[in-house]
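> Give the three-dimensional model of this entry:
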Amino acid sequence: LNMKQQLLTAEVEKARESWLQAIWSAKAFSQDNLMTTTGLPLKIIFQGWKNQGAGADFTDAHLWIGNKEMKGDVEIHLHSSLWNTHQHQQDLNYNSVILHVVLKAGQNFPCKQDGTVLWELELKDRLQEQSLWLLDDPELWLQNYDQLPGLCGVEVSQWSPEQILACLNHAGKLRMHQKAEKILETWQEQAPDEVLYQLLLRACGQTKYALCFEQLARCFPLADLQKHLSSSFREGRMQILARWFGACHLLQDLHLAQDASIRREQMRCLQIYNSLSKKPDLALPFTGASRPHNSPQRRLVGIFHHLHQWGEVGLLKGWLQILLKWSQITDPKQLSKTIQTDCNTLFQTPSWEVWASHFNTDKAAANQAQLLGKAQQDVIWNNAIIPFFLAYAKHHQWKQLEALLETIFLTFKHEPPNKITRFMVKRLAPTTLAKLHSSCTQQGLFHLHHQYCQNFESGCHQCKILPFLKTFQQQDSKKIKADYQVV
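Model prediction:
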């Protein structure tokens, strides 16, 4: 047996590292009394999905190491020393690695960038003859492994594209109604204008700044800003931006910009903020870096221009007037065209806006760009406008408004794809969903993932989507048709 394992080890060493990756993904090794090199018991719940981007070889693995449940990444090397050779110990992308799988372990334990010592699994004494078939074409095995559908994909493989999209639209509507119900739970606690304002700022912050921007809206209520939104444009702009920038710590340790326009804004904002008798301080200040075009300054200036669109009319009343106008349009194509035109106006950045041509205080943009572009607008629609007014319609039993919002939701273009949606498309129905049809379809993917999918960190054996899919399939065919619209 030892001789066979030595020969197998030699074969792996002569082959490429991809064979060891294939062996890990196929679990083609003995798992009896599996332990780390330090003697901790190891149990593989899910070996992870093959990573095609930067970082470790496998992502979203689920393991038990000792008495700890671990969820994270797995890196594969022929030898332990290759961890440092590849300089992973200096790379932040590898801090999420929970196990280093190697053919041969070394004497020293490698560490991650954050200083944590890695647990290792050595496979040289666990290789089995039946794993030799992987040697023929390990890359093909890994490619096929990467394209494997989830159990949800197997379940819907016999469904028509119409059924799949209908199911996702149904899930998308459920997600949006859940958001509306959550808003209704606290409906009586504050004025509807303030709720909408807070949702807008939170959505404008997206993931990175969402909590900070929501807290900012609570520190400076819309009612307190209304006098500045109704005053002269430029002075009102400076008064509001000074409060926002100051509370967000964007005026602390101020480094004056080289650009004269930005420098004047900095000095004026600092002057206004220092003159305030009350200076709210965010408990969640900004941390880390962001892409230049997504800087907090640009997002805050962009949402200011949207708020200023309503002037003395008011945020809630202004949006209701727009929605009422849209509800009078019966032709779907005309409605879609009108919505697009109005949104371009509602979220427009003035040509004179200095932040449209600057990423931050130090870096100018090559070209002038909208501060709240189409992608940001889609996020705002899905996380603020639609859920808020759906809650408003439910509260006032306004069925016509509910119907309008559903139509918008089914026709609006989806947000840019992210890790979750790409994962769900690949596991559920990559052909049908190669091009997502609407925002509702994409939100359906989010709903299925957040409510049911366990694939990220435990593989498909704990799939909870199947009951949802089977229940949907048993629904009345008329309801399925109602949930599906070809855009």
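> low pLDDT regions in the stretch 151-300 of the chain?
Scanning the stretch 151-300 of the chain for pLDDT under 70 picks out the ranges 253-255, 257, 283-292.
> before we move on, what about the stretch 301-450 of the chain?
359-366.
> quick one, strands of it?
Remark: no strands are assigned in the stretch 301-450 of the chain by DSSP state E, counting those that start in this stretch.
> All the helices of it, in order from the start?
315-327, 332-346, 374-380, 386-396, 399-411, 419-428, 439-451 (DSSP state H, counting those that start in this stretch).
> Just name the most buried of those helices.
Across the helices of the stretch 301-450 of the chain, averaging neighbours per residue (mean count of other CB atoms under 10 Å) puts helix 439-451 on top, at a mean of 23. No exception for glycine: its C-beta is placed from N, CA and C like everyone else's.
> what helices or strands is that helix leaning on?
helix 161-185, helix 399-411, helix 419-428, helix 465-473 (3 or more CB pairs under 8 Å, 6 or more residues apart in numbering; DSSP states H and E).
> ok now the second one, how far from the chain's centre?
In terms of CA atoms, centre = their mean, to the nearest Å, the centre of helix 399-411 is set 25 Å apart from its chain centre.
> Among the helices and strands packed on helix 439-451, which comes closest to Ser96?
Nearest to Ser96 among those is helix 419-428; the distance by CB to CB comes to 12.8 Å.
> tell me the angle the closest one makes with helix 161-185.
150 degrees (axes from the mean of the first three to the mean of the last three CA atoms, to 10 degrees).
> Using CSV, list the CA coordinates for helix 419-428.
Extracted in CSV, the C-alpha atoms of helix 419-428 (Å, rounded to 0.1, in the frame of the first residue of the first chain):
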residue,chain,number,x,y,z
LYS,A,419,-21.4,37.4,-7.2
ILE,A,420,-24.8,36.2,-6.0
THR,A,421,-26.7,36.6,-9.3
ARG,A,422,-23.8,35.1,-11.3
PHE,A,423,-23.8,32.1,-9.0
MET,A,424,-27.6,31.6,-9.1
VAL,A,425,-27.7,31.9,-12.9
LYS,A,426,-25.0,29.3,-13.3
ARG,A,427,-26.6,26.8,-10.9
LEU,A,428,-30.3,27.4,-11.8
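> now that helix, how far from the chain's geometric center?
With CA atoms, centre = their mean, you get 12 Å for helix 419-428.
> what angle separates that helix from helix 465-473?
Orientation of helix 419-428 against helix 465-473 (the same axes, to 10 degrees) gives an angle of 70 degrees.
> tell me what helix 419-428 is packed against?
By 3+ CB pairs under 8 Å, 6+ apart, helix 419-428 packs against helix 151-155, helix 439-451, helix 455-458.
> Where is the longest helix in this protein?
helix 192-219 (DSSP state H).
> Could you give me the buried positions within that helix?
Residues of helix 192-219 classed as buried by neighbour count (16 or more other CB atoms under 10 Å): 192-206, 208-210, 212-217, 219.
> Which elements pack onto that helix?
So helix 192-219, by 3+ CB pairs under 8 Å, 6+ apart, packs with helix 222-229, helix 233-247, helix 296-308, helix 315-327, helix 374-380, helix 386-396.
> closest one to His170 among those helices?
His170 lies closest to helix 386-396 among the helices and strands packed on helix 192-219, at 15.6 Å (CB to CB).
> Let me know which of the helices and strands packed on helix 439-451 is the nearest to Gly115.
Comparing the helices and strands packed on helix 439-451 against Gly115 with CB to CB, the closest turns out to be helix 419-428 (26.5 Å).
> And the helices in the stretch 1-150 of the chain, which stretches?
Counting by DSSP H, counting those that start in this stretch, the helices of the stretch 1-150 of the chain are 2-14, 17-26, 82-85, 138-146.
> Which of these has the lowest mean pLDDT?
The weakest mean pLDDT among those belongs to helix 2-14, with a mean of 60.
> thinking again about what came up before, dump the helices of the stretch 301-450 of the chain into CSV; add distance to Asn67 as well.
Shown next, in CSV, are those (distance: least, CB to CB, whole Å):
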stretch, distance to Asn67
helix 315-327, 53
helix 332-346, 54
helix 374-380, 41
helix 386-396, 42
helix 399-411, 46
helix 419-428, 29
helix 439-451, 29
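> tell me the contacts of His305?
Residues near His305 by CB atoms under 8 Å, 6 or more residues apart in numbering: Phe347, Gln348, Thr349, Pro350, Glu353, Leu371, Leu372.
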